[in-house]
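Student: Below are the sequence and a predicted model for it; my questions follow.
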Amino acid sequence: MLVGAGDGTIAKIATSTMLVKSEAKVMGAVTSIALTADSTHFFAGTSKATLYWCDTDKINPELRNTCHYEKINGIAFPAGYSELFATCSMNDIRVWNAVTRQELLRIEVPGLECNSVVFMSDGKSILSGWSDGKIRAFLPQSGKLLYAINDAHNHGVTAVAPTNNCQRIVSGGMEGEVRVWRIGRQTQIMEASLKEHRGRVDDVRINKNDTQAVSASFDGSCIIWDIVTHTRIMCLFESTMFKCVVYHPDESQLLTTGSDRKVTYWDCFDGQAIRMLDGSSTGEVNALAITSEGEHFVSGG
């Protein structure tokens, strides 16, 4: 008899004596066991979203597949490169090979939630925003911590976006602040703290020439900022909790989405809503992405 337990133990038990013949430990509570037809091997699945290949004689678990076991808060591809991508969730960031779907790297910070992940434009670091209020940058190959900005936002960093020249970061926080950071080799200095949102900032995007940033907030407003002079350019209002905002490639329009299940097109010149589409019939729309030509966009809910 094969038994999987809540503490991660897989055991082979003799049915006649009920004595354990062999056992092994895996990560997470064992939730399923599936034998092969000839009963020589079996798969074991766990609550930590890992899948092990084991032999029925000595067990010897071999990790075959793994993924996040909590909700995924963000997905990011490096600029102009589609072979790999990063995802963030509770406790960790993972980098995946997009072709083989294998995990290449895992960066763990136990006990914390990663709210946002993005690659620096030069691909030399992975930026992340965490529930403890820190912005952490990691090296993309080794996963080593490059630097951490302590106390970047009270109660958690919810959005991060790097400029295209890799010299600054714009971040959003749980309390509604938008902050601009100058990133040097050894130092990370706050240039400005812009406080006009009254709710969580869920998304931040920067335009191509690094002069403007747009922040989307749960308070029902999107604000376009001048990140050179650190002033507000315009504000877009809607009775929704904004979840995501993207620039059209020619930067004449913005697309937003949120809890009202609609995708809205906004004119960047006067801040007027041009048109609205139903993004979903049932649930909130959480994510938007647009093609580089601007012909198509994709929404996820």
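Tutor: Yes, it's here. Residues are numbered from 1 along each chain as shown.
Student: Select the longest strand from this structure.
Tutor: Ranked by residue count and defined by DSSP state E, the top strand of the chain is strand 103-119.
Student: Next SSE downstream of it?
Tutor: strand 126-130 (DSSP states H and E).
Student: Tell me the predicted confidence for the nearest residue to residue 236 once chain neighbours are set aside.
Tutor: Of all residues not flanking residue 236 in the chain, residue 222 sits nearest, at 4.3 Å (Cβ to Cβ, 6 or more residues apart in numbering). Glycine gets a C-beta too; all of them are placed from N, C-alpha and C. pLDDT recorded at residue 222 is 95.
Student: State the helix or strand in which residue 222 lies.
Tutor: Take DSSP H and E as the rule and residue 222 turns out to sit in strand 221-226.
Student: That strand packs against which elements?
Tutor: strand 212-217, strand 231-237, strand 242-247, strand 253-258 (3 or more Cβ pairs under 8 Å, 6 or more residues apart in numbering; DSSP states H and E).
Student: And those: which comes nearest residue 301?
Tutor: Set against residue 301 and scored by Cβ to Cβ, those come closest in strand 253-258, at 8.4 Å.
Student: Give me the helices and strands touching the very next helix or strand once past that closest one, please.
Tutor: Going down the chain from strand 253-258, the next helix or strand is strand 262-267, by DSSP H and E. Applying 3+ Cβ pairs under 8 Å, 6+ apart, one finds that strand 262-267 contacts strand 253-258, strand 273-278.
Student: Single out the most deeply packed of those.
Tutor: strand 253-258 (a mean of 24; mean count of other Cβ atoms under 10 Å).
Student: List the strands paired with it, with their directions.
Tutor: Strand 253-258 sits in its sheet next to strand 242-247 (antiparallel), strand 262-267 (antiparallel), going by DSSP bridges.
Student: Quick check: which of the ones you listed is buried the most?
Tutor: By mean count of other Cβ under 10 Å, the strands paired with strand 253-258 have strand 242-247 as the most buried, with a mean of 22.
Student: For that one, C-alpha coordinates in CSV please.
Tutor: As requested, the backbone C-alpha atoms of strand 242-247 are provided in CSV (Å, rounded to 0.1, in the frame of the first residue of the first chain):
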residue,chain,number,x,y,z
PHE,A,242,-8.5,50.5,-12.0
LYS,A,243,-6.4,47.3,-12.3
CYS,A,244,-4.3,47.9,-15.4
VAL,A,245,-3.3,50.7,-17.8
VAL,A,246,-1.3,50.5,-21.1
TYR,A,247,-0.1,53.0,-23.6
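Student: tell me the mean pLDDT over it?
Tutor: Regarding strand 242-247, the rounded mean pLDDT is 94.
Student: Contacts for it next, please.
Tutor: For strand 242-247, contacts defined as Cβ atoms under 8 Å, 6 or more residues apart in numbering pick out 202-203, 205, 207, 214-218, 220-222, 253-259, 268, 284-290, 297.
Student: Mean pLDDT and distance to residue 73 added to the helices and strands packed on strand 262-267, as TSV?
Tutor: Listed next are the helices and strands packed on strand 262-267 as TSV, based on pLDDT from 0 to 100; distance: least, Cβ to Cβ, whole Å:
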stretch	mean pLDDT	distance to residue 73
strand 253-258	94	16
strand 273-278	92	25
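Student: would you turn the ones you listed into a markdown table with distance to residue 8?
Tutor: Formatted as a markdown table, these follow (distance: least, Cβ to Cβ, whole Å):
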| stretch | distance to residue 8 |
| --- | --- |
| strand 253-258 | 40 |
| strand 273-278 | 45 |
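Student: looking at those, which is closest to residue 29?
Tutor: Nearest to residue 29 among those is strand 253-258; the distance by Cβ to Cβ comes to 35.9 Å.
Student: where does the residue nearest to the spatial centre of the chain land on pLDDT?
Tutor: In the chain, the centroid-proximal residue (Cα atoms, centre = their mean) is residue 74; its distance is 1.8 Å. Model confidence at residue 74, given as pLDDT, is 92.
Student: surely it meets residue 117?
Tutor: Yes. With contact defined as Cβ atoms under 8 Å, residue 74 counts as touching residue 117 (4.6 Å).
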